[in-house]
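# need a structure here:
(2 chains)
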Amino acid sequence: MAKHIVIVEDDADQRENYQVALEQRGYQVTAYASKESAQEGLMQIKPDLVILDIIMQDNIDAGFQLCSDILKRFPHIPVLFLTERVEEIDRIIGLRMGAWDYQPKPVSLGFLAEKVATLLRLSDIRDAPAEVEQRVREVGALRLLEESRLAQWNGQDIEGLTLTEFRMLEALTRRPGHIVTYDVLAQATHQHYVSNNTISTHIRNIKRKIKKLDNHFDSIKSEYGLGYRWPDHS
Amino acid sequence: MNTPQLAKQTKQRRWRPSGQAMLFLLVLLSMPLLSYRFLAETRVFMIEGQSQAQEQLAQGVVTLFQGREDLLQELPYLDSQQVVFSHPLSDKVKVDGYTGEWLDFQLFANHFGNGEAEDGDGYSLLLGEYEDRIYGLVRIQDNITKLRVRGSNQLDRSDHLRLSLPDRNGNERRLIIVATKPGNMEVWYVKEDWATPRYSSPSSSFIIQAVMRPLVDGYLVEFALPRYFLNERQEFGLAVADVDSEDGSMRHLKTLVSSDTNIESHYNLLAMRSPEANKILASLDRANSQIVIYDKQLQVRASVGKLATDVPELGQAKSIIEQMQIWLNDALDWFVAIPAYLSTSQEASQERQLLNQALGLEFASGRWHRDPGEEVLAVAAPITDQEGSLLGVVMIKQSTAQILKLQRQAMESITMLSFATMVVILLVLLAFSWRQAYRVQRLGREAQEIVDPSGRLRTNQLQSEVRSTDRIGGLARSFSNVVERLHEHQQFISTMPRTLRHEINNPLNATMTSLENLQRHGVADEQQRYLEIAQRGLVKISAIVEKLADAANLEEALQEDELEPMNLAYLVETYVNHQQRSINIEKPDVIFACDDDQVAVAGVDYRIEQLLDKLLDNARDFRDSGSAVVIRLYQQDLYCFLEVENQGPHIPESMQGNLFTSMVSARQGGSGQAHFGLGLYVVRMIALYHDGEVSAHNLMTPQGVMFRVRLPLLLL
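Residues are numbered from 1 along each chain as shown, chains lettered A, B, ... in the order given. As a prediction, the model looks like this:
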């Protein structure tokens, strides 16, 4: 049975493009143009995943309000923000509200479809973890559970790691001891254009989250002017 | 507000301050001037009133003495004795042989003997009284003045004066006044023979004073004795002994009143003022006025009061305040006094004129100034008997000194009050000026502090003075409004990139997703190329929008970063090494020079990396083709300096002031890259976040540009 995805986007062109792209990939898609219509529609159905814009019509926080309503009714449903609001504070607010990921516009439809698939897979794994065969990769104290997109440091879950950060961590540790350039790391963000500075900000956030578990964490080395490197301790 | 109204208001404002100041100044200056004018008018009025009162008083005195022949004609002992009148003196006489105090009475001197002849032996006598002493001035014509030789037992061998004073018991006291030299004379009590001293030494000069002063034609004796030396009848005898021979035998004795040389048996009567008349006048005594009753011979028969002013003598000041008071009084005298005034002799002549008029049965009045600060009002009126025959004259002299004194005191008060008022006003003005200056200074300080080192407004309004209702308050409000508008504009500029990104990202996303869907539906091969070009263009637009938004968010993003100790030398060296690798060229285009292995700073490594990215991009864009960019790092004092230098064109002068401002670029168009002048702005923001600063310098040899970032060293 096809997964049911709800899209809430006030711009008709984007809404249609998302809908077409996802339907072509076999999903059942219901699209809404406003917060109010989405609230009304979601009373009737329970989707498997919701994609939300934040600014709708004149309400600059419509997406946040809608997310709050949805998660009250369906606490475990994956919510993806797909928005033009890309400030750090918006990202933090969205994730703290319980959204699974935060994707800035413009986005590639291919990346969007991949992200949707990943989130649905994660949702399935979390609903029935025993049925999924986990692929696990360990790099020193770091343990990456690739199916569930979870990362652990010294056996403890790294809290709050976003999908983008998981992908960057995955890219960094693929070949320990080798420099991972900014370009490679940029691909992990699933955005058309990412500045070095944005990548450095993601790396800073990853370091902070791991340092909450281990204050002496020092395994992400800056290769100034080129990228980052995960040291090979083997 | 329309333009004419505004112009009108501006015009009104333009004249207001000077108009107010002029009005204030006029009020301030008019206060003492009006006060003086009032005082001057009051003085004239008071003097006129005083003059009228004086005339009425004269009429009253005349009425009192009308028909009182007993007071003005009948003098006792007139048959047997000569009468010598004593004149009331206005002040104590200094017994010094000089006649200054007698000038008023010279006309009334009693002359005796033959003073007209060439070898004349005439003499004159003036007697006066003041309080309890009687003063005498004897002027003697004498060709040969013989002085007493000290040691001689005989006192009659030199020129001398003989004074015979019967006491109240009828006993006679005989005194000889004799000079041994000009100056103080000796006074001897003598025996019956008028030659032998009764005591071994002369009388004390404290009781009877006498001074002799030689004259061209004789000599002058001035003496003073207590009034109590006279008996009740006020009798006395006075004779002048003229001794010319060496042995004293040629003695010529002259009495003052007759040729009778038998002074022993002949006393003269000292006609003092009539006690009865004095009693009548006593009730009319008043300050600064003198009433004198003369008989027909113009001999003073009674007098009361004196003209001596009560104005204190202004001697040497002992303090600055007293000295200032003297100057003030002098200034006021100059201000209020009439400069033309009469000398003493002229004044006597004026008086005599009035008296003569009165003797002619006329009522006479006059007015003159005796000194710069005092005016004398004088009235002379005839006193007659029942038949209208002249008995005497009453003269009333009154000084305006009291009025002048009051006027002066008032002027002093006004002057002091004006001065004090001006001082107070000055202090108030000074305080006001200080407060205004302080307020303007505070406003200026706030205006300066409202802009941060990067030239941006820190707030959207002023706090100082905006609630004040005066002009400074108006200025502050106007300025605050300007600041508010500028702040709004600044907010608009700073949020514009974010707004732009919000607005562009939606259509950009719609276009990009549409192209993707189009591509997925399948396009012909020849169309695929154009589709890819469109997609690349959209990615470029996306990059531009991202860069703009990054720069706009930089300040907020920096607040998220934490400064950590780091080795800047390692960072820059690694960065430069990676440059060669990243652009994959054989010849290095960046040269790093640093003598230190360790340059410790507190910083955010990826922000410093961002700073280097921007500086290097800039240097590469402007360098001469083939030349290398030099990055230099060194330490000096408490700072380290990171310099990025390239050979190439200078920074235009017009750009130097705002090179580090957002959206300012020196690049010419056509480079193929999008530039918004954000790179150096980002450099400055990062340097400021690290408590550093950045500057740009044009280099001469070789021609080039160097950007220098100064950062504080981390003191370990």
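# element containing the nearest residue to A:Val194 once chain neighbours are set aside?
Nearest residue to A:Val194, sequence neighbours excluded (Cβ to Cβ, 6 or more residues apart in numbering or on different chains): A:Ala186, at 4.2 Å. Quick note: C-beta positions are derived from backbone N, CA and C, even for glycine. Secondary structure assignment for A:Ala186, by DSSP states H and E: helix A:182-187.
# quick one: buried residues of whichever strand or helix holds B:Gln527?
Here B:Gln527 sits within helix B:525-560, counting by DSSP H and E. In terms of neighbour count (16 or more other Cβ atoms under 10 Å in any protein chain shown), helix B:525-560 has its buried residues at B:535, B:538-539, B:541-542, B:544-554, B:557.
# and if you look at stretch B:423-440?
Neighbour-count burial for stretch B:423-440, counted by 16+ other Cβ under 10 Å, picks out B:Arg439.
# stretch B:477-486 now?
B:Arg477, B:Phe479, B:Ser480, B:Val483.
# those residues: which two are farthest apart?
Farthest apart among the buried residues of stretch B:477-486 by Cβ to Cβ are B:Arg477 and B:Val483. That separation is 10.4 Å.
# which among the buried residues of helix B:525-560 are in contact with chain A?
Restricting those to those near chain A by Cβ under 8 Å from any Cβ of the partner chain leaves B:Leu538, B:Val539, B:Ser542, B:Glu546, B:Lys547, B:Ala549, B:Asp550, B:Asn553, B:Ala557.
# ok, for the second one, nearest residue in space, not its chain neighbours?
Okay, so that is B:Val539. Distance criterion Cβ to Cβ, 6+ apart; nearest residue to B:Val539, sequence neighbours excluded, is A:His192 at 4.9 Å.
# ok, that neighbour - contacts?
Shown in contact with A:His192 (Cβ atoms under 8 Å, 6 or more residues apart in numbering or on different chains): A:Pro106, A:Val107, A:Ser108, B:Met512, B:Leu538, B:Val539, B:Ser542.
# from B:Tyr530, how far off is the most far-flung residue of chain B relative to its centre?
The C-alpha centroid of chain B is most remote from B:Ala524, which lies 103.0 Å away (Cα atoms, centre = their mean). Using Cβ to Cβ, to the nearest Å, B:Ala524 is found at 10 Å from B:Tyr530.
# B:Leu29 too?
In terms of Cβ to Cβ, B:Leu29 sits 92 Å off from B:Tyr530.
# which one of the buried residues of stretch B:477-486 is nearest to chain A?
Nearest to chain A out of the buried residues of stretch B:477-486 is B:Val483 (Cβ to the nearest Cβ; 27.0 Å).
# work out for me the element that closest one sits within.
Going by DSSP H and E, B:Val483 is part of helix B:471-521.
# what's the average pLDDT for stretch B:306-321?
Stretch B:306-321 carries an average pLDDT of 54.
# cool, and stretch B:422-429?
Taken as a whole, stretch B:422-429 carries a mean pLDDT of 87.
# what's the answer for stretch B:677-695, then?
Throughout stretch B:677-695, pLDDT has a mean value of 89.
# could you find the closest non-adjacent residue to residue 95?
I went with chain A, as the question did not name one. Spatial nearest neighbour of A:Leu95, chain neighbours left out: A:Tyr102 (6.0 Å); criterion: Cβ to Cβ, 6+ apart.
# try again with chain B
Once flanking residues are discounted, B:Val95 sits nearest to B:Gln209: 4.4 Å by Cβ to Cβ, 6+ apart.
# my guess is that neighbour contacts B:Ala224. True?
Yes: counting by Cβ atoms under 8 Å, B:Gln209 sits close enough to B:Ala224 to count as a contact (4.7 Å).
# mind listing the shared neighbours of the two?
Shared contacts of B:Gln209 and B:Ala224, defined by Cβ under 8 Å, 6+ apart, comprise B:Val95.
# got the contact list for B:Ala552?
Contacts of B:Ala552 (Cβ under 8 Å, 6+ apart): B:Ser494, B:Thr495, B:Met496, B:Pro497, B:Arg498.
# quick check, nearest of those to chain A?
Comparing the contacts of B:Ala552 against chain A with Cβ to the nearest Cβ places B:Arg498 closest, at 7.5 Å.
# contacts only, for that closest one.
Applying Cβ under 8 Å, 6+ apart, the residues near B:Arg498 are A:Glu87, B:Ala549, B:Ala552, B:Asn553.
# find the centremost residue of chain A, please.
A:Asp101 (3.2 Å).
# which residues touch that one?
Residues in contact with A:Asp101 (Cβ under 8 Å, 6+ apart) are A:Leu80, A:Phe81, A:Lys115, A:Leu119, A:Thr162, A:Leu163, A:Thr164.
# just the pLDDT for it.
Here, the pLDDT recorded for A:Asp101 equals 88.
# ok, it to A:Ile51 distance?
From A:Asp101 across to A:Ile51, the span is 10 Å (Cβ to Cβ).
# so B:Glu516 makes contact with A:Gly110?
Yes: counting by Cβ under 8 Å, B:Glu516 does reach A:Gly110; the two are 7.0 Å apart.
# the more surrounded of the two?
Between B:Glu516 and A:Gly110, counted using other Cβ atoms under 10 Å in any protein chain shown, B:Glu516 has the larger neighbour count: 21 against 14.
# how about that one: what's its closest non-neighbour residue?
Spatial nearest neighbour of B:Glu516, chain neighbours left out: A:Leu109 (4.4 Å); criterion: Cβ to Cβ, 6+ apart.
# do the same with B:Leu284
B:Ile291 (5.8 Å).
# the one you found against B:Ala282, yeah?
No: between B:Ile291 and B:Ala282 there is no contact under Cβ under 8 Å: 9.9 Å.
# those two: who's more crowded?
A side-by-side neighbour count of B:Ile291 and B:Ala282, using other Cβ under 10 Å, places B:Ile291 first with 24 against 12.
# who's in contact with the helix or strand harbouring the more buried one?
Using DSSP H and E, B:Ile291 maps to strand B:289-295. For strand B:289-295, the surrounding residues in contact (Cβ under 8 Å, 6+ apart) are B:54, B:57, B:61, B:65, B:71-73, B:88, B:90, B:274, B:277, B:281, B:284-285, B:300-307, B:355, B:383, B:391-399.
# packing partners of whichever helix or strand comes after it?
For strand B:289-295, the succeeding helix or strand toward the C-terminus, using DSSP H and E, is strand B:300-305. Packing partners of strand B:300-305 (3 or more Cβ pairs under 8 Å, 6 or more residues apart in numbering or on different chains; DSSP states H and E): helix B:69-72, strand B:83-88, helix B:275-282, strand B:289-295.
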